[in-house]
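Asker: quick one: sequence plus predicted model below, questions after.
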Amino acid sequence: MKQFFITFFANLAALLFVLGGPLLLFLILIVATFSASSKGRHLVTIERGSILVFDLSMNVTDSPEHATSTDPLANALSGGDNTKSVPLHRLVNALKKAAKDDRIKGILIMGSFEPADFGTGYACLKELRETILDFKKTGKQVYAYIEVPTTRDYYVASAASTIYMNPYGEMEMPGLAVVKTYYKGGFDKAGINVQVTRVGKYKSAVEPFTLTKMSDADREETQKLIDDLWGDFVTAVTRSRPIDAAAFQQLVDTDGYILPEHALAAHLVDKLAYFGDVLNDLGKVAPSSDYARIPLPFKQVAIGDYINAGRTPRLLGERGSDNVVAVLYLEGEIVDGWGELTNIGGDRFASELRQLRKDDDVKAVVLRVNSPGGSAFASEEIQHEIIALKAKKPVIVSMGSYAASGGYWVSTYGDRIFAEPNTLTGSIGVFGMFLDVQKLANNYLGITFDSAKTGAYADFETISRPKTDQELALAQARVDDLYAKFLDKVSTSRNIPIETLETIAQGRVWAGSDALNLKLVDEIGGLENAITYAANKAKLGERYRVKEYPEEVTFAESLALLFSHQEEPVSRVKTDPLTREFLKIKNDLKSLQEFNDPMGMYARMPLGWDIK
């Protein structure tokens, strides 16, 4: 690969020179070099007594920007600063730093989250919310201004000391809902046939392609999960605001979209005020300096600037040491092969784990898992390397919003597993799914197929016809075998008797609070808890530093990626309902595209878990 880059850029440079582009090439390299050298050293003046402005208009991810960016050249040239997508740990770091920073007098929360992919899940937001509550314990004030807050927005904003609401806004908190899309009717009309093999009463990932509505088991599971998540939300709100759970639920069921006057009467907010009124109030709390070149309503610093002001200290503060606690982010669908930046390629992450095992500076590893699963083959490839790594150094797992099925497969051998109460985990089950286009080809396109073969199963992988009963029996036997191995792995790693495990497996997804009681996880806590435990397990004391993986790619590699895979820039405009539904269908079908397991076997939680 290295030789490829050398050859590629040598030819590129020669071409640019011939075409009269040395100056262009020089400018590109200067920009890239300056960006790399200045990255993390953004100069920001922070006055004493400033308010830290936390605009929620972002997607909060687990992985660092460089590990998920779909625009590599822009990422390289901008130094990786992407205000649209911000890693959880940088926000947590900034808030923890601000709590101890004498220059920061308080926080203003405003705006509305923009969830995307696997980001901004409730487990992620819980960690953010707990950090804000810790900030308040220092005696500093937290203000929130809301206009049309969603459940996610209010989950975080409710931690504030004082909440302002626009008198013409409304609270979009009618409760949680999961609306799943079913494709069987459309597939039938198109002539696409789907056959499945599976193990587990609750293993419903295949059902959107085989049914037209929820099965009884899927409905039972889904209802229990959203009840658990909603219960955690209500508990959080009622602990921060002077309202009991029954009164809050009655208000939600009565209003649906809560009016400002009702929110004020129920003590969900403290004041009804326009944004200008909030600015005036904060101007009294943190008066703007008279010598400011551009007068501001109050002394302030945006959280993005605060993060980049020399970069916030590492995850747990500044500790100069050669001892490294590595944090490896596994976020997205698990796929066979190398994968892309937006998913978890089995080969790529197996390679990362091997490198961490061989790196003598790395004394412990924290796996931050935020994945619904995917390819069983890739999951096993990753787990195999985790077991080898664990033999040499501690491996601690921190679960994000999702760590289910294949996500649990790669987690189960951790020395200790941390999860949030609202993490979605478990889903210990396996399925196989096979599509054929015989009807589509025959009836609509006039295309037919024929074959010759030397073995009974030589054309098993064809999509030109349905699987025979004999082939389905073979596939079911493989699924049964894989499920038995999955159970055995969990039973061995978690010390749970097979008989007990069979009652809690069956493909069922559990909330983190239930998973703790079922011994599927060890402790309730976030990423920082996992890092602290890893450092203690490795007997590092306070002498360690935290390093993130996958590491950031070079400018040359980013430019090469640009030439091989270019995408449209992400729009910041809020999408309309029709577009959102189309994107949901697109994401479901993208998940179907990522079913690339070489054996056709999958350990994935159900599709459609977009909680409203």
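Answerer: Good, I have the coordinates. Numbers count the residues shown, from 1 in each chain.

Asker: which parts of the stretch 251-400 of the chain are helices?
Answerer: Listed in chain order, the helices found in the stretch 251-400 of the chain under DSSP state H, counting those that start in this stretch are 260-265, 275-285, 303-308, 346-358, 376-390.

Asker: and the last one, what other elements does it pack with?
Answerer: For helix 376-390, the packing partners by 3 or more Cβ pairs under 8 Å, 6 or more residues apart in numbering; DSSP states H and E come out as strand 334-335, strand 344-345, helix 346-358, helix 406-409, helix 469-494, strand 601-604. Placement of C-beta: from N, CA and C, glycine included.

Asker: among these, which is the most enclosed?
Answerer: helix 406-409 (a mean of 32; mean count of other Cβ atoms under 10 Å).

Asker: between the helices of the stretch 251-400 of the chain, which gets nearest to G432?
Answerer: helix 376-390 (9.3 Å; Cβ to Cβ).

Asker: show me where pLDDT drops low in the chain?
Answerer: For the chain, the stretches with pLDDT under 70 are 1-43, 66-83, 290-294, 310-320, 553-596, 598-601, 607-612.

Asker: beta partners of T61?
Answerer: Beta-bridge pairing of T61 under DSSP bridges involves P87.

Asker: SS state for F54?
Answerer: Secondary structure assignment for F54 (DSSP: H, G, I helix; E, B strand; the rest coil): strand.

Asker: L518 and W510 touch, don't they?
Answerer: Yes: at 6.5 Å, L518 counts as touching W510 under the criterion of Cβ atoms under 8 Å.

Asker: want to try a markdown table for the helices and strands packed on helix 376-390, with distance to K547 as columns?
Answerer: Converted to a markdown table, the helices and strands packed on helix 376-390 look like this (distance: least, Cβ to Cβ, whole Å):
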| stretch | distance to K547 |
| --- | --- |
| strand 334-335 | 23 |
| strand 344-345 | 19 |
| helix 346-358 | 10 |
| helix 406-409 | 23 |
| helix 469-494 | 26 |
| strand 601-604 | 29 |
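
Asker: among the ones you listed, which comes closest to S215?
Answerer: strand 601-604 (16.4 Å).

Asker: quick one: contacts of the closest one?
Answerer: 205, 333-334, 372-377, 379, 404-406, 408-409, 427-433, 478-479, 482, 486, 591, 595 (Cβ atoms under 8 Å, 6 or more residues apart in numbering).

Asker: so which bits of stretch 456-471 are buried?
Answerer: 465-467, 471 (16 or more other Cβ atoms under 10 Å).

Asker: now, the residues you listed that are in helices?
Answerer: E471 (DSSP state H).

Asker: what would the buried residues of stretch 456-471 look like in JSON lines with distance to R604?
Answerer: Below are the buried residues of stretch 456-471 laid out as JSON lines (distance: Cβ to Cβ, whole Å):
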{"residue": "R465", "distance to R604": "26"}
{"residue": "P466", "distance to R604": "23"}
{"residue": "K467", "distance to R604": "20"}
{"residue": "E471", "distance to R604": "22"}
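
Asker: so which of the buried residues of stretch 456-471 sit within strands?
Answerer: Within the buried residues of stretch 456-471, no residue falls in strands by DSSP state E.

Asker: now do whichever helix or strand A94 is part of: everything it contacts.
Answerer: Assessed by DSSP states H and E, A94 sits inside helix 88-100. By Cβ under 8 Å, 6+ apart, the list of residues contacting helix 88-100 from outside reads 52, 54, 60-62, 64, 104, 107, 124, 127-128, 131-132, 134-135, 138, 140, 303, 306-307, 312-315, 327, 526-528.

Asker: could you list the residues in contact with stretch 499-509?
Answerer: The contact list for stretch 499-509 (Cβ under 8 Å, 6+ apart) reads 198-204, 221, 225, 404-405, 424-431, 486-487, 490-491, 494, 510, 518, 520, 605-606.

Asker: can you flag the buried ones in those?
Answerer: Counted by 16+ other Cβ under 10 Å, these give 198-204, 221, 225, 404-405, 424-431, 486-487, 490-491, 494, 510, 518, 520, 605-606 as buried.

Asker: isn't L264 right up against I258?
Answerer: No: the criterion here is Cβ under 8 Å, and L264 misses it with I258 at 10.0 Å.

Asker: who has more neighbours out of those two?
Answerer: Between L264 and I258, counted using other Cβ atoms under 10 Å, the more crowded position is I258 (25 against 17).

Asker: what about that one, distance to F233?
Answerer: Separation of I258 from F233 (Cβ to Cβ, to the nearest Å) stands at 14 Å.

Asker: please apply the same query to L367.
Answerer: Counting by Cβ to Cβ - L367 and F233 are separated by 27 Å.

Asker: try A452
Answerer: A452 is 60 Å from F233, by Cβ to Cβ.

Asker: so between these two, which is more surrounded?
Answerer: A direct count of neighbours by other Cβ under 10 Å for A452 and F233 places F233 higher, at 23 against 6.

Asker: ok, which of the helices and strands packed on helix 376-390 comes nearest A157?
Answerer: Comparing the helices and strands packed on helix 376-390 under Cβ to Cβ, the one sitting nearest is helix 406-409, at 29.2 Å.

Asker: all strands of the stretch 201-350 of the chain, in order?
Answerer: Counting by DSSP state E, counting those that start in this stretch, one finds strands in the stretch 201-350 of the chain at the ranges 257-258, 271-272, 300-302, 324-331, 334-335, 344-345.

Asker: got those strands as CSV, with distance to L389 columns?
Answerer: Formatted as CSV, the strands of the stretch 201-350 of the chain follow (distance: least, Cβ to Cβ, whole Å):
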stretch, distance to L389
strand 257-258, 49
strand 271-272, 53
strand 300-302, 39
strand 324-331, 10
strand 334-335, 17
strand 344-345, 16
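
Asker: most tightly surrounded among those strands?
Answerer: Most buried of those, by mean neighbour count (mean count of other Cβ under 10 Å): strand 334-335, with a mean of 28.

Asker: which strands or helices does that strand pack on?
Answerer: With contacts defined as 3+ Cβ pairs under 8 Å, 6+ apart, strand 334-335 has these neighbours: strand 344-345, strand 373-375, helix 376-390.

Asker: mind doing that once more with 6 Å?
Answerer: Judged by 3 or more Cβ pairs under 6 Å, 6 or more residues apart in numbering; DSSP states H and E, strand 334-335 is in contact with strand 373-375, helix 376-390.

Asker: format the ones you listed as TSV; extra columns: distance to T532.
Answerer: Formatted as TSV, the helices and strands packed on strand 334-335 follow (distance: least, Cβ to Cβ, whole Å):
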stretch	distance to T532
strand 373-375	28
helix 376-390	19
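
Asker: which stretch among the strands of the stretch 201-350 of the chain comes nearest K180?
Answerer: Comparing the strands of the stretch 201-350 of the chain by Cβ to Cβ, strand 334-335 comes nearest, at 21.1 Å.
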